[in-house]
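Asks: okay, structure incoming, though there's no sequence with it:
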């Protein structure tokens with residue numbers, strides 16, 4: 001495994017680091033770590049989108065502080081037989097990296113981080129979810145059967161979203177209680193992330209604790225963008241093992257990078273004084289909590 005030596009420095013909005021080859025940029029955002037390799041990931045086309053739905057995605061970064069949250073712009077690309085849910089911000093960063101030099105990245109690292117790294121492919125392959133995600137510099141892929149979500153609908157509770165009349169539905173899914181708003185006026189089944197199974201399209205979904213929220217903000221009815229998947233070597237795993245590994249990284253990112261990714265890290269204060277970063281339990285939990293069982 002290729003060894004990298006990294007030097008980290010604390011700056012106003014978090015932590016920025018580079019390898020000696022200027023291949024890695026990393027920034028702490030809230031209590032979670034965002035890392036980008038400084039080069040765009042090669043993508044393989046697997047289909048074409050016919051419609052696109054853009055969501056505002058908000059999630060808590062510290063469950064002890066109700067004002068603490070992170071946010072991203074997500075895009076649901078719907079094709080004829082399958083769909084992809086991923087970060088629009090990450091898509092933009094990959095395009096920006098294609099036209100940026102190493103010096104430009106080093107001068108303004110904040111432009112090249114921030115988007116979610118996960119993508120969820122529904123019905124790809126047929127009857128399954130495929131999830132790709134990144135921990136440190138390592139890419140993971142796992143498949144799972146499309147789950148049945150047991151929704152309870154409430155036709156008396158309605159509200160309007162983007163001009164569509166929506167009805168409310170609730171369900172318990174993987175450790176959280178979810179409240180969704182769906183419309184039968186959009187002739188597409190499904191919704192954001194892994195949600196589906198309602199007699200209409202889901203425009204909004206949030207958990208009862210207010211830790212996660214997906215809100216539709218735009219629709220493109222005639223999309224032309226290709227649906228792609230990162231064309232790289234994955235660590236193939238299952239959902240439970242992936243979350244366990246992610247928890248290990250979020251608890252001790254420096255230790256993970258050293259022991260698993262083969263990256264040696266030196267952390268310094270602005271005056272150059274070495275800092276000893278100790279493992280710490282994250283103050284948030286993942287969108288799926290049943291991995292702890």
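Replies: Arrived safely. All of these numbers come straight from a predicted model, not from anything done at the bench.
Asks: where in this protein is pLDDT low?
Replies: For the chain, the stretches flagged by pLDDT under 70 are 1-40, 66, 106, 109-110, 264-272, 274-275, 293.
Asks: which helix runs longest in it?
Replies: Of all the elements of type helix in the chain, the one with the most residues (DSSP state H) is helix 239-251.
Asks: buried residues in that helix, which are they?
Replies: Residues 239, 242, 243, 245, 246, 247, 248, 249, 250 are the ones in helix 239-251 that count as buried (16 or more other CB atoms under 10 Å). In short, each C-beta sits where N, CA and C put it, glycine included.
Asks: looking at these, spot the one nearest residue 105.
Replies: Minimum separation from residue 105 among the buried residues of helix 239-251 (CB to CB) is found for residue 249, which lies at 22.9 Å.
Asks: how about the nearest residue to that closest one, chain neighbours excluded?
Replies: Nearest residue to residue 249, sequence neighbours excluded (CB to CB, 6 or more residues apart in numbering): residue 256, at 4.3 Å.
Asks: end-to-end on stretch 159-170?
Replies: Across stretch 159-170, the terminal residues are separated by 15 Å (CA to CA, to the nearest Å).
Asks: now do that stretch: distance to the chain's middle.
Replies: Here the centre of stretch 159-170 is set off from its chain's centre by 25 Å, with CA atoms, centre = their mean, to the nearest Å.
Asks: stretch 164-184 too?
Replies: Relative to the chain's own centre, stretch 164-184 is displaced by 21 Å; criterion: CA atoms, centre = their mean.
Asks: got the contact list for that stretch?
Replies: By CB atoms under 8 Å, 6 or more residues apart in numbering, the surrounding residues in contact with stretch 164-184 are 147, 149-155, 157-161, 185-186, 191, 194-195, 198-209, 211-212, 287-290, 292.
Asks: in that stretch, what counts as buried?
Replies: Using 16+ other CB under 10 Å as the burial criterion, the residues of stretch 164-184 that qualify are 164, 166-169, 171, 173, 176, 178-183.
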